[in-house]
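Okay, here's the prediction I keep looking at, along with the sequence it came from:
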Amino acid sequence: MTNAVSIDSSIDELDGLGRSLDQIASLLEAGHQEEALSEMADGLDRAESHIAELVLEAESRQQLGDPRLIALKSDWLGRFERFFSLVERTRHQLDGEAELRLSRHRAADAYLKNQAS
């Protein structure tokens, strides 16, 4: 029974973490990039660690074929794909915004230098 309880609790933890990451993804999609991006990265790191522990535990007990783990794998593959794509898109957007701000600063600097001359 301990094996099932341990796997069940790991699956429950991952479900909770998944819901939390879904909420963070919604924040990213709503435009709250800077604050949500680091939360997403932390959550993805935690999820990866939990999944690795769960796989090792299931492997040691020869339970990798457990239907709950197969469903979990499918669910998290989809989540990781969505989250990584969202993070990449957000990062590109932030890079573009930073580049735009930098060019504005350069233009203002050039203007001020011309005015001073």
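Cool, the structure landed. Numbering: from 1, shown residues only.

any idea how far Asp75 is from Thr90?
22 Å (C-beta to C-beta, to the nearest Å). C-beta: built from backbone N, CA, C; applies to glycine.

out of these two, which sits in the busier spot?
For Asp75 versus Thr90, neighbours defined as other C-beta atoms under 10 Å are more numerous around Thr90 (20 against 13).

so who does Asp8 touch?
Residues near Asp8 by C-beta atoms under 8 Å, 6 or more residues apart in numbering: Arg68.

can you pull the pLDDT of it?
For Asp8, the pLDDT comes out at 84.

before we move on, what about Thr2?
With respect to pLDDT, Thr2 has a value of 51.

Can you classify Gly31 as helix, strand or coil?
coil (DSSP: H, G, I helix; E, B strand; the rest coil).

That one - how many residues pack around it?
Gly31 - counted by other C-beta under 10 Å - has 9 other residues nearby.
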